[in-house]
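Trainee: need a 3D model of the sequence below.
(chains A and B)
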2 protein chains.
Amino acid sequence: MAQAREGSPRAVARLITLVENADPALREVMAALAPHTGHARIIGLTGSPGVGKSTSTSMLVRAYRDQGLRVGVLAVDPTSPFSGGALLGDRIRLAEHATDRGVYMRSMASRGHLGGLSWTTPQALRVLDAAGCDVVLLETVGVGQSEVEVAGLADTTVVLLAPGMGDGVQAAKAGILEIGDVFVVNKADREGADVTVRDIRGMISLGDRTEPGLWRPPVVKTVAERGEGVEEVLEALDKHRAWMEQTGTLRQRRLDRAAREVEAIAVRTLRDRMGDVRAGRGLDELAAQVVDGRTDPYAAAGTLVAEI
Amino acid sequence: MAQAREGSPRAVARLITLVENADPALREVMAALAPHTGHARIIGLTGSPGVGKSTSTSMLVRAYRDQGLRVGVLAVDPTSPFSGGALLGDRIRLAEHATDRGVYMRSMASRGHLGGLSWTTPQALRVLDAAGCDVVLLETVGVGQSEVEVAGLADTTVVLLAPGMGDGVQAAKAGILEIGDVFVVNKADREGADVTVRDIRGMISLGDRTEPGLWRPPVVKTVAERGEGVEEVLEALDKHRAWMEQTGTLRQRRLDRAAREVEAIAVRTLRDRMGDVRAGRGLDELAAQVVDGRTDPYAAAGTLVAEI
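Mentor: Numbering: from 1, shown residues only, chains lettered A, B, ... in the order given. The predicted structure is shown next:
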């Protein structure tokens, strides 16, 4: 653990593997890490496949490294049940950072774990935070619910778009307006970039986030492959950070996040206890009573809860 | 409730709305219905969009009605957060049964409800069962996890396929082999039907379900629009039913189902209690301690569970 705090990639990797495996040793580890958390800026990046998430991540990694900051990258693939699946190919694009001790990269799968993204990701973020990362980039494919979940885990959420994906924009309209703190139109050298920017700006002004004092998400154009627009993205991120600190939003988001995390672990604990009851044949007996019509599921659940 | 048991469609509709709304009155309703459950055969139908699920459902409704049986149809759309969304259009194809008092049809959405399919659907099935349905067809779009969930809720699961969707077959290979009790290749008048049948048969024989005594899923060809192959489907369903009764599989499946249902309600109960704790600021205070590094999420969750 001391090694992880000093930034040993292998030590950090071991701790995140504990998280993925829901290892019992996590309890002690997390207790020891707790005093060292709260430093890292958690920046979420989400967007449809093809918008250039990995390239954009790489661009930001480079920029923050140039500032001398330590950077963690956590790539979560909500569509893959296997750790390091689909996203691992993308990781290759991040290879330029592979030998840099100031960068820690990790792919995680979210399916197949009880609670998915909502359960393992915050703990992995906590590990990277305690390991001394100044910035953690949380990258995920924008697929349905996962976008919203990422937004719930980050201090700032960047929504990536690309020109010519207008249908997707329309479809995701409501969702991305709510979760995006900063919008980035990548591949801005392609035709239609200005239309996409205008569409997003129009949607933002239609939303209810334009009242004075509220954050109005900036829309920034980039060509991540060539590093174009990176300064503007950094500026937007810093502004959002400053706004969050001024308004107390940062602390409120972190409080909400911690509350959800605690709740998720509590639910898991209770499920485990139900598993114990099940092993003790309590649940099986109740199920038999339900099948035979001797009781109903609600009454049986009441009995089960009472037994826990 | 008495009206629902007599098959009044409006009374059944009201009860299922209670389920959808997680109405507190459900407890009493379910207790009263319990002694009248366990009669209905629950047949799940799943398959990718375009394989002809609604047409196949309609074909089976007609066949069971011809046998004088009362039939319930529950269509669950796991992709829609709105009740009666995408599937409602398909329902129009079932319009021929709309005036038949022996058929009850209902669309349900599964998103937006805590626990989704796994929470509301079994209770809706229970209502239809208690309302005197002899057969309940549970139809759902085969999208990711929902297929597996449907299989968990049905006595017998029918996987629908269509020729020329070979890629999908390959992709879904592992999943559908595990959940399908009966495979139906619909639109069998189209080119490639025999290839699809052979592919599925090949996959089944490669699987580990060919040992003596185990069920080997039959593969049946249909043209649901013209009712072709319906006899073979009914025969396959009856055979599977007989096999389940002989081997005790039917009771075991129902026991597993009831256990999961009881567990889901218990988890929801416990979550509600955590909500109460939250309202009492217990969780908020714990979250603040986590954010400030004074405790870790595990220790906080332990405190929360102790408070419940």
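Trainee: then stretch A:288-300 to CSV, C-alphas only?
Mentor: C-alpha atoms of stretch A:288-300 as CSV (Å, rounded to 0.1, in the frame of the first residue of the first chain):
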residue,chain,number,x,y,z
ALA,A,288,-41.3,-23.3,-1.5
GLN,A,289,-44.1,-21.6,0.5
VAL,A,290,-44.5,-19.1,-2.3
VAL,A,291,-44.6,-21.8,-5.0
ASP,A,292,-47.2,-23.7,-3.1
GLY,A,293,-49.3,-20.6,-2.6
ARG,A,294,-48.9,-20.8,1.2
THR,A,295,-47.5,-17.3,1.3
ASP,A,296,-46.9,-14.4,-1.1
PRO,A,297,-43.5,-12.9,-2.1
TYR,A,298,-44.1,-9.8,0.1
ALA,A,299,-44.8,-11.7,3.2
ALA,A,300,-41.8,-14.0,2.5
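Trainee: just the mean pLDDT for that stretch, thanks.
Mentor: For stretch A:288-300, mean pLDDT is 88.
Trainee: residues of it that come out buried?
Mentor: A:288-292, A:295-300 (16 or more other Cβ atoms under 10 Å in any protein chain shown). For glycine as for every other residue, the C-beta is placed from the backbone atoms N, C-alpha and C.
Trainee: try stretch A:10-21
Mentor: Quick answer for stretch A:10-21 (16+ other Cβ under 10 Å): A:11-12, A:14-16, A:18-20.
Trainee: of those residues, which belong to helices?
Mentor: Members of the buried residues of stretch A:10-21 lying in helices (criterion: DSSP state H): A:11-12, A:14-16, A:18-20.
Trainee: how about the buried residues of stretch A:10-21 in CSV, adding pLDDT and distance to chain B?
Mentor: CSV is the format used below for those (pLDDT from 0 to 100; distance: Cβ to the nearest Cβ, whole Å):
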residue, pLDDT, distance to chain B
A:Ala11, 86, 18
A:Val12, 87, 17
A:Arg14, 88, 18
A:Leu15, 89, 13
A:Ile16, 87, 15
A:Leu18, 87, 12
A:Val19, 85, 11
A:Glu20, 80, 16
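Trainee: TSV for the residues you listed, including distance to A:Arg251?
Mentor: Converted to TSV, the buried residues of stretch A:10-21 look like this (distance: Cβ to Cβ, whole Å):
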residue	distance to A:Arg251
A:Ala11	30
A:Val12	26
A:Arg14	31
A:Leu15	26
A:Ile16	26
A:Leu18	28
A:Val19	25
A:Glu20	29
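Trainee: which pair of these spans the longest distance?
Mentor: A:Ala11 and A:Glu20 (15.3 Å; Cβ to Cβ).
Trainee: helix or strand: which one has the closest residue to A:Thr249 other than its chain neighbours?
Mentor: Take A:Thr249 and drop its neighbours on the chain: the residue closest to it by Cβ to Cβ, 6 or more residues apart in numbering or on different chains is A:Trp243, 7.1 Å away. For A:Trp243, the host element (DSSP states H and E) is helix A:230-247.
Trainee: dump stretch A:254-265 to CSV, restricted to CA.
Mentor: The C-alpha coordinates for stretch A:254-265 follow below in CSV (Å, rounded to 0.1, in the frame of the first residue of the first chain):
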residue,chain,number,x,y,z
ARG,A,254,-18.5,14.5,-3.8
LEU,A,255,-20.9,14.1,-0.9
ASP,A,256,-23.5,12.7,-3.2
ARG,A,257,-20.9,10.3,-4.7
ALA,A,258,-19.8,9.1,-1.3
ALA,A,259,-23.4,8.6,-0.2
ARG,A,260,-24.1,6.5,-3.3
GLU,A,261,-20.9,4.5,-2.8
VAL,A,262,-21.7,3.8,0.9
GLU,A,263,-25.2,2.8,-0.1
ALA,A,264,-24.0,0.4,-2.8
ILE,A,265,-21.6,-1.3,-0.4
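Trainee: neighbours around the residue nearest to A:Pro297 when sequence neighbours are not counted, how many?
Mentor: Nearest non-adjacent residue to A:Pro297, counting by Cβ to Cβ, 6+ apart: B:Glu261, 4.8 Å away. B:Glu261 has 26 neighbours, counted by other Cβ atoms under 10 Å in any protein chain shown.
Trainee: any idea how far B:Glu261 is from B:Leu138?
Mentor: 14 Å (Cβ to Cβ, to the nearest Å).
Trainee: repeat that for A:Glu178.
Mentor: 33 Å.
Trainee: what about these two, which has more around it?
Mentor: Higher neighbour count among A:Glu178 and B:Leu138: B:Leu138, with 29 against 13, using other Cβ under 10 Å.
Trainee: quick check: bridge partners of the more buried one?
Mentor: Under DSSP bridges, the beta-bridge partners of B:Leu138 are B:Gly44, B:Leu74.
Trainee: which residues touch A:Arg201?
Mentor: For A:Arg201, the contacting residues are A:Val219, by Cβ atoms under 8 Å, 6 or more residues apart in numbering or on different chains.
Trainee: list the buried residues in the helix or strand hosting it.
Mentor: For A:Arg201, the element it lies in under DSSP H and E is helix A:193-206. The neighbour-count check on helix A:193-206 (16+ other Cβ under 10 Å) flags A:193, A:196-197, A:199-200, A:203-204 as buried.
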